[in-house]
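Undergrad: just coords:
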Ligand SMILES: Cc1cc2nc3c(=O)[nH]c(=O)nc-3n(C[C@H](O)[C@H](O)[C@H](O)COP(=O)(O)O)c2cc1C
């Protein structure tokens, strides 16, 4: 099993940071399902936290049950990033990660995220200054480069290794690509053979079997999964079963229902504004009903609902309906 510094990542499966998604409730839900070796927070602005922004500080709430946990920070000013590292260190997560891969314009304009790949001296300065403030391991997440003409992940990876970074994660697309095309896994294999620190492979893993395929194709030390966890929150448990040579089991209807209702309750309890709770509930229902028989009917119904209680009723009734259909099918021997 890989270790990032002194942090063992077991199983070698990592939850990708996703802004607006991988909040406290989401991370806890995946932890409780099991099979994930390290969870990552959504990215945190070093500018905002070093100025004491309450909303960003609230995002950094986590509980021991989530460990090992990584907090990801981003920014373009080395002094502010160092100040943010002090705050992270004080909060006591297991790992601190620097974002050098975010392609969003808002972040690029401030020369942070993937834009740092276009300025390696600045990237080095940030890594060095942040590292100096930390006792916990530092990791860096990046892409292939800014665009196909400026692919420089090997230089960036080597710089990270020189500066004492504990592990790197690579989403194998350029920043220009955003999420189009396919992640180029050969590049992850190249990075792995060029570095001696652990390399985490990321991009387009869409099933438990594909996670194993990522290991096989790239030789990476751990696999990071993002979007696929929304449609299948059991993906880590299933992939870890496959890694251990066990069969991967599909979630039952009861498990799906309990997960949705449990997640909804947790969102309600954590949300500071009802609007925020409703927004999250709508998004989650979209994901969780994916692949369910007649899931579209539930999505349509939910789009018109006003309160979290209405949500819960709709979900309970939907699953009761599915159970009846199941029983009827069994009765007729279908
Ligand atoms: C909604 C969303 C938000 C994301 N936010 C972040 C982020 O805050 N920090 C980061 O490094 N990457 C972020 N990413 C990129 C993911 O961490 C990951 O690299 C990317 O989705 C590719 O992995 P996947 O194909 O398994 O989803 C985000 C991706 C999505 C879809």
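TA: All right, it came through fine. This is a predicted model, so every value here is computed, not measured.

Undergrad: make it CA atoms for all contacts and neighbour counts henceforth
TA: Noted.

Undergrad: so who does the residue nearest to residue 123 when sequence neighbours are not counted touch?
TA: Nearest residue to residue 123, sequence neighbours excluded (Cα to Cα, 6 or more residues apart in numbering): residue 116, at 5.5 Å. By Cα atoms under 8 Å, 6 or more residues apart in numbering, the residues touching residue 116 are 76, 100, 122-123.

Undergrad: and if we set it to 7 Å?
TA: 100, 122-123 (Cα atoms under 7 Å, 6 or more residues apart in numbering).

Undergrad: next one: residue 132
TA: Residue 132 touches nothing, counting by Cα under 7 Å, 6+ apart.

Undergrad: quick check, pLDDT for it.
TA: Listed pLDDT for residue 132 reads 98.

Undergrad: cool, and the one 4 residues further on?
TA: Per-residue confidence (pLDDT) for residue 136: 98.

Undergrad: same question, residue 333
TA: 39.

Undergrad: picking that back up, let's have the contacts of residue 116 in JSON lines, adding distance to residue 223.
TA: Compiled in JSON lines, the contacts of residue 116 are given as follows (distance: Cα to Cα, whole Å):
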{"residue": "100", "distance to residue 223": "18"}
{"residue": "122", "distance to residue 223": "28"}
{"residue": "123", "distance to residue 223": "24"}
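
Undergrad: can you put these in TSV and add pLDDT and secondary structure?
TA: Shown next, in TSV, are these (pLDDT from 0 to 100; DSSP: H, G, I helix; E, B strand; the rest coil):
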residue	pLDDT	secondary structure
100	95	strand
122	95	helix
123	96	helix
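
Undergrad: which one of those residues sits in the busiest neighbourhood?
TA: Neighbour counts for these peak at residue 100, which has 29 neighbours (criterion: other Cα atoms under 10 Å).

Undergrad: and that one, what does it touch?
TA: The contact partners of residue 100, taken as Cα under 7 Å, 6+ apart, are 112-114, 116-117, 140-142.

Undergrad: now it: how far from residue 277?
TA: 30 Å (Cα to Cα, to the nearest Å).

Undergrad: how about residue 204?
TA: Taking Cα to Cα, one finds residue 204 at 28 Å from residue 277.

Undergrad: for residue 64, same thing?
TA: With distances taken as Cα to Cα, residue 64 is found 24 Å from residue 277.

Undergrad: who in the stretch 101-250 of the chain is up against the ligand?
TA: Within reach of the ligand by Cα under 6 Å from any ligand atom, the stretch 101-250 of the chain has these residues: 101-102, 141, 171, 202-205, 225-227.

Undergrad: which of the residues you listed fall within strands?
TA: Judged by DSSP state E, strands contain the following of those: 141, 171, 202, 225.

Undergrad: for residue 200, give me phi and psi.
TA: Torsion angles at residue 200 (phi, psi; degrees, to the nearest 10) stand at phi -100, psi 120.

Undergrad: surely it and residue 168 touch.
TA: Yes - counting by Cα atoms under 7 Å, residue 168 is a contact partner of residue 200 at 6.1 Å.

Undergrad: what strand or helix carries residue 56?
TA: Assessed by DSSP states H and E, residue 56 sits inside helix 54-59.

Undergrad: helices or strands next to that helix in the packing?
TA: Counting contacts by 3 or more Cα pairs under 7 Å, 6 or more residues apart in numbering; DSSP states H and E, helix 54-59 packs against helix 46-50.

Undergrad: let's go with 8 Å and repeat that
TA: strand 44-45, helix 46-50 (3 or more Cα pairs under 8 Å, 6 or more residues apart in numbering; DSSP states H and E).

Undergrad: please name the strands paired to whatever helix or strand comes next after that helix in the sheet, noting orientation.
TA: Sequence order places strand 69-74 as the next helix or strand after helix 54-59, per DSSP H and E. Strand 69-74 pairs in its sheet with strand 39-40 (parallel), strand 44-45 (parallel), strand 95-100 (parallel), by DSSP bridges.

Undergrad: mean pLDDT lowest for which of those strands?
TA: Within the strands paired with strand 69-74, confidence is poorest for strand 44-45, with a mean of 94 (mean pLDDT).

Undergrad: about what we covered before: with respect to the ligand, which of the contacts of residue 116 is nearest?
TA: residue 100 (7.1 Å; Cα to the nearest ligand atom).

Undergrad: which strand residues bridge that closest one?
TA: Applying DSSP bridges to residue 100 gives these bridge partners: residue 142.

Undergrad: picking up where we left off before, doesn't the residue nearest to residue 123 lie inside a helix?
TA: Yes - assessed by DSSP: H, G, I helix; E, B strand; the rest coil, residue 116 belongs to a helix.

Undergrad: what does the model give it for pLDDT?
TA: 91.
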